[in-house]
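Q: Sequence plus the predicted model coming up.
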Amino acid sequence: MKSIFTMGLAGIMLTGLTGCNDDNNKSDNNDAVLRDIISAQNLTADASAGRDIPSIKSAKAQLGMQLFFTTALGGDQDSACVSCHHPALGGGDDLSLPIGVGADAPELLGPGRTHSDSVVPTVPRNAPTTFNIALWDQVLFHDGRVESLSKIPGKNGSAGGIRTPDSPFGSADAQAGNNLVVAQARFPVTSAAEMRGTAFESGNSNTAVRDHLSQRLAGLVAELSTPDADSSGTNDWQEQFEAVYKAEADVGNLITYARIADAIAAYENSQVFVATPWADYVAGDDDALTQTQKEGARLFFTTQADGGAGCSSCHGGDFFTDEKFYNIAMIQFGEGKGDGADGDDDFGRYRETKELADQYAFRTPTLLNVAVTGPYGHTGAYDTLEGVIRHHLNASDAVDDFFATSVTWCQSVAQLSSVSDCDALYPNAESNTRAALSKLADDQESGLSELLDTDLSDSEVAALVSFMQALTDPCVTDASCLAQWIPDESAGGAGGQQLNAVDENSQPLTSN
Ligand code: HEC
Ligand code: HEC
């Protein structure tokens, strides 16, 4: 072993020495190629340029933070937005599939979070990051069921109407509010597995759920554990809403769900983290990226025909997504969305459009801060960037490897690895995935798929991974920077029901 190791090391050192000049040439060349790409693809150094971004210091975003962190918006008051979207977990939950209501320890987020009466996670899709949510202009959710009807660039859906699950496909929801993020914030509270639970407003409409929650915060139904946590004599939520919105004689007019969503969205939209090494490079700093990252960037932005990996055909632009939907035969496991013979499949965009071409198609994710937003894919099937990138290069091989008979596939998914009999609990995982794969193969054959099989060497894959790591804004890994988006534990805000998250070692969550 030792001798092989030393030989390998000597080999690397030799290559390092003899390759010195080559490397310099290659790096000059990569810079020239990348500068051409940057100009040809109109890439800029600020993905948030020209947008109306609320400051986290604004009163509305501060109210939104209290609402985002309060369990009072959970039907049974045990789940909050932050349960699945914590800033110190990359704006997600670090799990493949989330656990919302019914957690054994509601304040424990990330690995180790378990459900009190289900051995497997109860939410069917991976929780996307809320970071840079203000940069989406077309659709939210993996299947785009919150959708801007105008899709005007730079507007976050603030013009032209928004379709939501409360309105028919293609029609505006009159209650959606004034951007995609406001519209989205109306829905988690209506989801049984995420926040609502099964008993709260059982059988009643989304409107009934929202009205009940706003009345709860307003103190019109006596359900808050400590309505006056600061002992000022006034309901804490009333004080907070009055600091942002005009005081009303009737507290029921002051605290409405429309305003709850509006304030939550201001908090989320303040989470803009785009100051990446890549952005510095685009701005002109040749030293902002390593040689390996430059090689990764070249592969990323170059088509297969020109010797690249063709990633930017879908993950293009400053936000690294075209906001469109593709079937890349992502591994399918979990509860599913009620599709397929046994209801455990997930047809993705097809669920909304009912067009066969959209079956198994999911929205192209942004790749900004992707190093901290794993696990990856709409089921969180891949714990590593290398895994999910290799899946793209040859989905058929990746699916074969994932379901290889020599190992139990659950062992490769951190969250499921300790669940005994996990494979048996998801008996259709492989057949559902293979259905997506066979559709992909047909589409590839008939030239309908934009996902092409690509042969890359191990070092080219490593370069792509390394480039992904250059898309991280340093703020998102810095506890003191992130602290602005995490309410002070001692403040005991959020109506005395602030979820102060801890990890599995009972340590407060403060940074990624
Ligand atoms: C139990 C976990 C859970 C909770 C609690 C939760 N979410 Fe989510 N969130 C998810 C999942 C899963 C998705 C993706 C669902 C889908 O695409 O079908 C999602 C999607 C989103 C999105 C869209 C992201 C994108 O890129 O399109 C936003 C924004 C969001 N949630 C905000 C919130 C807010 C605000 C709350 C509280 C009102 C909340 N979430 C509560 C799990 C959760
Ligand atoms: C045909 C369009 C397309 C191309 C080309 C493409 N991707 Fe993707 N990518 C997607 C879609 C769609 C998903 C999500 C699929 C799902 O969850 O079902 C995804 C997911 C990802 C993820 C996981 C992100 C997350 O948050 O879960 C990474 C990383 C990624 N792609 C990187 C790449 C790289 C690197 C390349 C080039 C080798 C590439 N992609 C090429 C469409 C594409």
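A: Arrived safely. Ligands and ions are numbered 1, 2, ... in the order given.
Q: Look at the nearest residue to residue 117 once chain neighbours are set aside and report its pLDDT.
A: Spatial nearest neighbour of residue 117, excluding adjacent residues (Cβ to Cβ, 6 or more residues apart in numbering): residue 102 at 6.6 Å. Any C-beta I mention is one placed from the backbone N, CA and C, and that applies to glycine too. Note for residue 102: predicted pLDDT of 97.
Q: How many residues are close by residue 102?
A: Residue 102: 18 surrounding residues under other Cβ atoms under 10 Å.
Q: Please report phi then psi for residue 107.
A: Here is the backbone geometry of residue 107 (degrees, to the nearest 10): phi -90, psi -10.
Q: That one reaches residue 500, doesn't it?
A: Yes: using Cβ atoms under 8 Å, residue 107 is in contact with residue 500, at 6.2 Å.
Q: ok, for residue 316, nearest residue in space, not its chain neighbours?
A: Nearest residue to residue 316 in three dimensions, chain neighbours excluded: residue 322, at 5.7 Å (Cβ to Cβ, 6+ apart).
Q: For ligand 1, what's its nearest residue on the stretch 201-350 of the chain.
A: Relative to ligand 1, the nearest point of the stretch 201-350 of the chain is residue 264 (4.9 Å; Cβ to the nearest ligand atom).
Q: for the most centrally placed residue in the chain, what are its contacts?
A: When Cα atoms, centre = their mean is applied to the chain, the residue found nearest the centroid is residue 128 (1.7 Å). Residues in contact with residue 128, defined by Cβ atoms under 8 Å, 6 or more residues apart in numbering, are 92, 141-142, 365, 373.
Q: cool, residue 334 as well?
A: Residue 334 sits next to 96-97, 120-121, 123-125, 344, 346, 379, 426 when contact means Cβ under 8 Å, 6+ apart.
Q: Around ligand 2, pick out the residues from the stretch 251-400 of the chain.
A: 300, 309-311, 313-315, 326, 328, 330, 362, 364-365, 367, 370, 373, 376-378, 385, 388-389, 392 (Cβ under 6 Å from any ligand atom).
Q: try the stretch 401-512 of the chain
A: For the stretch 401-512 of the chain, the contact set with ligand 2 under Cβ under 6 Å from any ligand atom comprises 450-451, 464, 468.
Q: from these, which ones fall inside helices?
A: 464, 468 (DSSP state H).
Q: can the residues of the stretch 401-512 of the chain next to ligand 2 go into a markdown table with extra columns for neighbour count and pLDDT?
A: Listed next are those as a markdown table, based on neighbours: other Cβ atoms under 10 Å; pLDDT from 0 to 100:
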| residue | neighbour count | pLDDT |
| --- | --- | --- |
| 450 | 16 | 94 |
| 451 | 20 | 96 |
| 464 | 24 | 98 |
| 468 | 23 | 98 |
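Q: Closest one of the residues of the stretch 401-512 of the chain next to ligand 2 to ligand 1?
A: Within those, proximity to ligand 1 (Cβ to the nearest ligand atom) peaks at residue 468, which comes in at 17.5 Å.
Q: Go ahead and confirm that closest one touches residue 296.
A: Yes: counting by Cβ under 8 Å, residue 468 does reach residue 296; the two are 7.4 Å apart.
Q: what's the domain layout of the chain?
A: Split into domains by automatic domain parsing, the chain comes to 26-47+276-469, 59-271+479-496.
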